[in-house]
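Chemist: Predicted coordinates and the sequence they were generated for:
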Amino acid sequence: MKKSQYDAVIVGGGLAGLSAAAYLAHHGKKVAVIERGKLGGRAMTINMKGFQFNFGAHAIYGRDKSYLTLMEKELQLKLYWSDFTQMKAKYDLGEEVSVVPSNLGGLLQTKLLKGMDKFRFAYHILFTTLGFEKGDPNISIKQWLEQKKVSPAVKEMMLNLAASNFFTGEPERIPSDVFFGYYKRIFKTNIPVSYIQGGWQKLIEQFVQVIEKNDGEIITKTKVTGLSVDGKRVTAAHTKKNSFVADDFIFAIPPEELQTLFLHSPLEKELAEYTKYEPTYVIFYDIGLKKRIDSPYTYIFDRDRQIFISDISYYDMEAAPPGGQLLQAIAYLKSHEISDPLAHERVKLDIEAFYDKHFSGWRKSLVVPRVSKVAVVQAIKWTMHQRGLPVHFSKITNAFFAGDWCQGVGQLSELSFSSSYEACQHVLKKQAEKKGA
Ligand SMILES: Cc1cc2nc3c(=O)[nH]c(=O)nc-3n(C[C@H](O)[C@H](O)[C@H](O)COP(=O)(O)OP(=O)(O)OC[C@H]3O[C@@H](n4cnc5c(N)ncnc54)[C@H](O)[C@@H]3O)c2cc1C
């Protein structure tokens, strides 16, 4: 068995692990990242018949305020963004289609809110951005809205927004403090939604380049199967063939994997709690078309059935072959639908009907569909009594945790980036202190 020594070993090569490895390598650390499969985790982009299907993440929310942007600048990543045209985001209200009130123009034009409710909604936005609306960790957003006697139309508007941003069919279950914490940032953004040219594969490639340029090691198709723990320190991560010794470790793998690795360690009990939590599940149904079907909107949300369609190729010029179109539909699932095959079939038929309504003729133009089984969008769903995993536990001094199951800022991949950034700050500070001592 080969034994290698590093400043930091990163376990898991999804967005959290790769961003952490790139960040530390850029700051002069000798790193190794170990991934059991292919790089990218849930954010892979797969080419099928010339269409670039994003397997998981497709857009960044609030790019100007995001940790990804912070890392992008520090690491000088070469990414090309295309920002969403807000007035092209619409709600399907059944009989009619209306603008999403995501900015002032949208608020004035939307049919979702009428008369005084427009002012009431604007008031909540203002109070949230100023930090006056904070919510309460002990009550859900639904309870909070009821307690404050918020008008039914404004209440529905806020829950609809939350469904879209948290990717959930049950926005009413979001803790009210998480809701307001999230919107304090998002209501301030000037760039609500952005797409990466070339898909998320480009981001993965950029992280890989930074790691390799700084002599970091990337080991794929290799699972970490065990750890050596000595008192309050992890001393090595083991794969079938090798051992990786390091001063610090960042674990960017989901809670169930962590629990197996940390069995019989001081963290066994702490980690067990996080394995019981429910993830956020969706079904996605993407279609690659040989000919564009023009539409006045590039995002359309079916409020009643909780499905949205994004025209990915409108923003990402590399997503479809010339003249073609790549559309992505995502349906949010409620808890009782997750293990119900009949519900899945119904959702797929609903998505097809939604495509029929807004992109009529898609069936004739279809080159390649990509339909998921239930997919985990976020490993810990933000519902009452579910918390993110801390980035660090004092019981083990040199192990840090990152991923969208962790405590952090934002939702979805932003949780992966923000927790990875925090984990890196801990490692850099710790190693600088050790050097100075
Ligand atoms: C359909 C869909 C749509 C989405 N849309 C968006 C979106 O629009 N915007 C957005 O921001 N986010 C979106 N997301 C969420 C985003 O994809 C995730 O938040 C993000 O990819 C999570 O990255 P991660 O590194 O935290 O976790 P993961 O991607 O789960 O990475 C964990 C990695 O650890 C590896 N691993 C596990 N165990 C071991 C082990 N023992 N040894 C070595 N390696 C191990 C795994 O193979 C995996 O690669 C979407 C997700 C899905 C599924």
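Modeler: Received the coordinates, thanks. Residues are numbered from 1 along each chain as shown.
Chemist: Determine whether the claim that Val224 is in a helix is correct.
Modeler: No: counting by DSSP: H, G, I helix; E, B strand; the rest coil, Val224 is not found in a helix; it is coil.
Chemist: what residue ranges in the stretch 101-250 of the chain score low on pLDDT?
Modeler: Where the stretch 101-250 of the chain drops to pLDDT under 70, the residues are 102-103.
Chemist: For Asp117, what is the enclosing helix or strand?
Modeler: Assigned by DSSP states H and E, Asp117 belongs to helix 116-129.
Chemist: After that helix, which helix or strand is next?
Modeler: helix 141-147.
Chemist: From the rest of the structure, what touches that next one?
Modeler: With Cβ atoms under 8 Å, 6 or more residues apart in numbering as the test, helix 141-147 has contacts from 135-136, 139, 155, 158-159, 162, 171-176, 179. All C-beta atoms are positioned from the backbone trio N, CA, C, and that covers glycine.
Chemist: if you set the cut-off to 10 Å instead, what comes out?
Modeler: Helix 141-147 has contacts (Cβ atoms under 10 Å, 6 or more residues apart in numbering) with 124, 133-136, 139-140, 150-152, 154-156, 158-159, 162, 166, 170-180, 382, 384.
Chemist: Could you chop the chain up by domain?
Modeler: If you go by the TED database, the domain ranges for the chain are 6-80+198-277+387-436, 103-187, 278-378.
Chemist: Could you dump these into TSV with distance to the ligand and mean neighbour count added?
Modeler: Compiled in TSV, the domains of the chain are given as follows (distance: least, Cβ to the nearest ligand atom, whole Å; neighbours: other Cβ atoms under 10 Å):
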stretch	distance to the ligand	mean neighbour count
domain 6-80+198-277+387-436	2	20
domain 103-187	7	18
domain 278-378	4	18
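Chemist: Could you save those domains as a markdown table and add columns showing distance to Asp92?
Modeler: Listed next are these as a markdown table, based on distance: least, Cβ to Cβ, whole Å:
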| stretch | distance to Asp92 |
| --- | --- |
| domain 6-80+198-277+387-436 | 19 |
| domain 103-187 | 11 |
| domain 278-378 | 5 |
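Chemist: Lys88: which of those is closest?
Modeler: domain 278-378 (4.4 Å; Cβ to Cβ).
Chemist: Run the chain-centre distance for that closest one.
Modeler: 18 Å (Cα atoms, centre = their mean, to the nearest Å).
Chemist: And the average pLDDT for it is what?
Modeler: For domain 278-378, mean pLDDT is 95.
Chemist: residue ranges of the strands in the stretch 201-350 of the chain, please?
Modeler: Counting by DSSP state E, counting those that start in this stretch, the stretch 201-350 of the chain has strands at residues 217-219, 226-230, 233-238, 242-251, 280-289, 299-302, 307-311, 325-332.
Chemist: Identify the residues contacting the third one?
Modeler: Think strand 233-238. Under Cβ under 10 Å, 6+ apart, the answer for strand 233-238 is 1, 3-6, 9-11, 32, 34, 223-230, 242-249, 251, 261-262, 265, 267, 396-399.
Chemist: repeat that with 6 Å
Modeler: Residues from elsewhere that reach strand 233-238 (Cβ atoms under 6 Å, 6 or more residues apart in numbering): 9, 11, 224, 226-228, 243-245, 249, 397-399.
Chemist: list the contacts for Met158?
Modeler: No contacts exist for Met158 under Cβ under 6 Å, 6+ apart.
Chemist: Surely it is in a strand?
Modeler: No: secondary structure assignment (three-state DSSP) places Met158 in helix, not in a strand.
Chemist: out of the strands of the stretch 201-350 of the chain, nearest to Ala89?
Modeler: strand 299-302 (4.3 Å).
Chemist: Within the sheet, what are the partner strands of the closest one, with directions?
Modeler: Strands adjacent to strand 299-302 in the sheet, as given by DSSP bridges, are strand 89-92 (parallel), strand 307-311 (antiparallel).
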